[in-house]
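Participant: Return atomic coordinates for the entry below.
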Amino acid sequence: MTTVPTADIRLLLDLEPVVEAGLNRHLATAKEWFPHEYVPWSRGRDFDGVLGGQAWDPGQSELPEAVRTSLIVNLLTEDNLPSYHRVIAEHFGRDGAWGTWVHRWTAEEDRHGNVIRDYLLATRAVDPLALERARMVHMATGFELEYAGAAEAIAYVSFQELATRVAHRNTGRLSGDPVCDQLLARVAQDENLHMLFYRDLLDATFDLAPDAAMRAVTTVVTSFRMPGHGIADFARKSAQIAMAGIYDPRLHHDEVLMPVLRRLRVFERCGLGSDGERARDALSGHLARLDRIANRFTERREAVGHRAAPAGHRTPAADGGGR
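Facilitator: Model (predicted):
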């Protein structure tokens, strides 16, 4: 059984009114949607095996290779939802507004894996055998959050939800398939609302415990990894995704870290103690290094002229399916 430190219990209790307000706003803002409406079922047909259909081969996929890789990584990441639910329930609890949010978030996230898998199978975009084997391996590995404290957990999900939104949105845009683009845009809308919820909690954490919040943000930013980092061959897949411009160091710096940090007024806040000031200095130095890394990466990519372009030809079924 996980033992929650006294300081974390106090922080979670103090944040409960913010959680309730954020939950109420989320429920009023989130729009109901149905995954089955976004899947081009008319493009599907039986696979080989029990039903004796057609075996999959690579020529059946119409998506650029980097987009296929990104969709697989995104899906396998979503597949680990049982582990994520356990982790956030352990950190935030199952009672009151916190518990209501944990279960609501889980229900919304579950749609993402369902709709992406259905799209991939209906369009024969990926090898179904390899996908299922990868799912079994990845879920059997599970997921553990690398941060023990409540403030660190809140900081991590604030950045992670935005990173996931960016990855989904860019995957859809580069797919060349209007159905895929529409589907992932819908998923990205959920991720954005989740980010707003957590970001407001992090903002309130700065008001309640500024030094702890600054240390948490610095710890998370300087060691951030996407939740799918345990996927087999993740480093190679991430490099392919980055070279395609789906999610790369420049996007991570400009579209994930900096928007959240600006909204939190991290570099304008007063009232920090010595620990908080040291953490802020370390954060500033890390961001400067990351900016240089992003510049070098972009230069290298431009030098080799490697970036994914949307697929040019789509079938009529792809243009009209899932509407």
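Participant: can we go C-alpha only for contacts and neighbour counts from here?
Facilitator: Noted.
Participant: roughly how far apart are the residue nearest to P210 when sequence neighbours are not counted and G52?
Facilitator: Excluding its sequence neighbours, the residue lying closest to P210 (Cα to Cα, 6 or more residues apart in numbering) is L272, at 6.2 Å. Here the distance between L272 and G52 works out to 67 Å (Cα to Cα, to the nearest Å).
Participant: Going along the chain, name the helices of the stretch 201-323 of the chain.
Facilitator: Assigned by DSSP state H, counting those that start in this stretch, the stretch 201-323 of the chain shows helices spanning 210-223, 234-243, 249-251, 258-263, 274-304, 316-320.
Participant: Please tell me how far the fourth one is from the chain's geometric centre.
Facilitator: What that stands for is helix 258-263. Between the centre of helix 258-263 and the centre of its host chain there is 17 Å, according to Cα atoms, centre = their mean, to the nearest Å.
Participant: follow-up on the earlier one: quick one, which of the helices of the stretch 201-323 of the chain is nearest to H36?
Facilitator: In terms of Cα to Cα, the element of those nearest to H36 is helix 316-320, at 14.6 Å.
Participant: re earlier: weakest of the helices of the stretch 201-323 of the chain in terms of mean pLDDT?
Facilitator: When those are compared on average pLDDT, helix 316-320 comes out lowest at a mean of 30.
Participant: Using just helix, strand and coil, how would you label the residue sitting furthest away from the middle of the chain?
Facilitator: For the chain, the C-alpha lying farthest from the average C-alpha position belongs to G52; by Cα atoms, centre = their mean, that distance is 36.5 Å. G52 falls in the coil class when you classify it by DSSP: H, G, I helix; E, B strand; the rest coil.
Participant: most packed of the helices of the stretch 201-323 of the chain?
Facilitator: Greatest average neighbour count among those goes to helix 210-223 (a mean of 21), per mean count of other Cα atoms under 10 Å.
Participant: How about the contacts made by G113?
Facilitator: G113 makes contacts with L75, L76, E78, D79, as judged by Cα atoms under 8 Å, 6 or more residues apart in numbering.
Participant: can you redo the residues you listed as a markdown table with neighbour count, pLDDT and secondary structure?
Facilitator: Converted to a markdown table, the contacts of G113 look like this (neighbours: other Cα atoms under 10 Å; pLDDT from 0 to 100; DSSP: H, G, I helix; E, B strand; the rest coil):
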| residue | neighbour count | pLDDT | secondary structure |
| --- | --- | --- | --- |
| L75 | 21 | 97 | helix |
| L76 | 26 | 96 | helix |
| E78 | 21 | 95 | helix |
| D79 | 23 | 95 | helix |
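Participant: and of these, the nearest to T106?
Facilitator: The closest of those to T106 turns out to be E78 (Cα to Cα; 10.5 Å).
Participant: gap between the closest one and A140?
Facilitator: Counting by Cα to Cα, the separation of E78 from A140 is 14 Å.
Participant: now swap in E277 and tell me
Facilitator: E277 sits at a distance of 41 Å from A140 (criterion: Cα to Cα).
Participant: how about low-confidence regions in the chain?
Facilitator: Under the criterion pLDDT under 70, the flagged ranges of the chain are 1-5, 306-323.
Participant: Repeat the analysis, applying 90 as the threshold.
Facilitator: Confidence mapping of the chain against pLDDT under 90 gives the ranges 1-9, 93-95, 142, 148, 303-323.
Participant: Nearest to the spatial middle of it, which residue is it?
Facilitator: A centroid search over the chain (Cα atoms, centre = their mean) returns T164, at 2.4 Å, as the residue closest to the centre.
Participant: need the contact list for that one.
Facilitator: Shown in contact with T164 (Cα under 8 Å, 6+ apart): A188, E191.
Participant: One more: A55?
Facilitator: Each residue near A55 by Cα under 8 Å, 6+ apart is listed here: F47, D48.
Participant: Next, count neighbours for T69.
Facilitator: A count of nearby residues for T69, using other Cα atoms under 10 Å, gives 18.
Participant: now swap in R10 and tell me
Facilitator: A total of 10 residues lie near R10 under the criterion other Cα under 10 Å.
Participant: same thing with H194?
Facilitator: 24.
Participant: do the same with D203
Facilitator: Counted by other Cα under 10 Å, the residues lying close to D203 total 20.
Participant: Could you do A163 as well?
Facilitator: Once other Cα under 10 Å is used to define contacts, A163 is seen to have 22 neighbours.
Participant: Please name the nearest non-neighbouring residue to it.
Facilitator: Using Cα to Cα, 6+ apart, the closest residue to A163 is V256 (5.7 Å).
Participant: That neighbour contacts F159, doesn't it?
Facilitator: Yes. V256 sits in contact with F159 when judged by Cα atoms under 8 Å, with a separation of 6.4 Å.
Participant: The two: which is more packed in?
Facilitator: When neighbours are counted by other Cα under 10 Å, F159 comes out ahead of the other of V256 and F159, with 25 against 21.
Participant: That one and L120, how far apart?
Facilitator: Counting by Cα to Cα, the gap from F159 to L120 is 27 Å.
Participant: again with L183
Facilitator: As judged by Cα to Cα, L183 and L120 stand 11 Å apart.
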